[in-house]
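Q: here are the coordinates; sequence isn't available:
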């Protein structure tokens with residue numbers, strides 16, 4: 001079995017693949033990596049919860065954008081005695097070309113999402129990831145091969161909502177998991193006005209950026225969205241037709257496969 005690890009700024013996402021089948025997945029807080037012994041213990045408990053043992057894992061692949069978590073994952077690698085394939089390793093084979101001046105500046109998660117997005121669509125694609133940041137990654141096909149062209153990094157929804165509430169003491173906290181049944185653009189009270197900004201403000205950002213990318217690139221890209229808050233915007237954003245919650249894990253599987261995972 002393959003263990004795929006996606007370490008982002010807020011969450012660490014684990015996926016267990018049996019060949020191409022994503023059998024299990026779970027999340028931990030990235031802040032938990034501070035205590036490497038507890039993180040290992042929690043990891044082993046989660047495996048046991050699924051009825052798995054360490055010998056069931058034959059391969060591990062990881063994408064991490066958190067430098068501070070490196071010691072924890074080094075400890076995890078040593079403890080489970082399986083070599084980790086890292087997206088950051090220059091020797092790893094990628095099924096995509098990175099067409100930017102300094103490829104090292106592209107986050108590992110964005111490369112992995114680009115791999116998965118281009119594989120799913122087989123066409124020019126924009127991947128919108130609602131994570132700690134809201135990112136847009138642009139992939140074009142050239143002679144049948146995916147080429148990463150760059151992208152956009154905008155403030156994440158949670159960050160924006162938190163910053164707004166912290167900066168204005170009279171504004172209420174907003175629970176993004178409980179959205180209004182009917183959402184008008186013009187709010188008639190403070191909470192509705194905030195929800196309008198959260199939804200329609202970001203819809204304007206998303207669709208505006210997509211239109212700008214299409215105009216600048218002269219291509220009619222397909223759009224795939226992923227990340228924790230993607231489902232919040234799917235009903236409101238006409239340009240988004242496809243959501244894949246496990247996009248990063250699927251990309252990690254694809255990279256592991258061409259690097260030797262059976």
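A: Arrived safely, thanks for sending. This structure is a prediction, so every number in the text was calculated from the model and none was measured. Numbers count the residues shown, from 1 in each chain.
Q: list the buried residues in stretch 3-11.
A: Buried residues in stretch 3-11, counting neighbours by 16 or more other CB atoms under 10 Å, are found at 3, 4, 5, 6, 7, 8, 9, 10, 11. Yep, even glycine has a C-beta here, placed from its N, CA and C like the rest.
Q: correct me if wrong: the fifth one contacts residue 65.
A: Yes - counting by CB atoms under 8 Å, residue 7 sits close enough to residue 65 to count as a contact (6.8 Å).
Q: returning to what we had before: can you flag which of the buried residues of stretch 3-11 belong to helices?
A: Judged by DSSP state H, the subset of the buried residues of stretch 3-11 located in helices is empty.
Q: of those residues, closest to residue 79?
A: Nearest to residue 79 among the buried residues of stretch 3-11: residue 3, at 12.9 Å, using CB to CB.
Q: that closest one: what's it in contact with?
A: 14, 15, 16, 57, 59, 60, 61, 82 (CB atoms under 8 Å, 6 or more residues apart in numbering).
Q: re earlier: the buried residues of stretch 3-11 in strands, which ones?
A: 3, 4, 5, 6, 7, 11 (DSSP state E).
Q: residue 31 is in contact with the last one, correct?
A: No - counting by CB under 8 Å, residue 31 is not a contact partner of residue 11; they are 9.7 Å apart.
Q: and the strands in this structure?
A: Going by DSSP E, the chain shows strands at 2-7, 11-18, 21-29, 59-64, 84-86, 96-98, 125-130, 133-142, 145-155, 222-227, 242-243.
Q: would you format the ones you listed as CSV with distance to residue 112 and mean pLDDT included?
A: Listed next are the strands of the chain as CSV, based on distance: least, CB to CB, whole Å; pLDDT from 0 to 100:
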stretch, distance to residue 112, mean pLDDT
strand 2-7, 7, 97
strand 11-18, 11, 97
strand 21-29, 14, 97
strand 59-64, 5, 97
strand 84-86, 11, 96
strand 96-98, 10, 97
strand 125-130, 10, 97
strand 133-142, 10, 96
strand 145-155, 11, 96
strand 222-227, 11, 96
strand 242-243, 17, 93
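Q: mind showing which ranges of the stretch 151-262 of the chain have poor pLDDT?
A: The stretch 151-262 of the chain contains no residues with pLDDT under 70.
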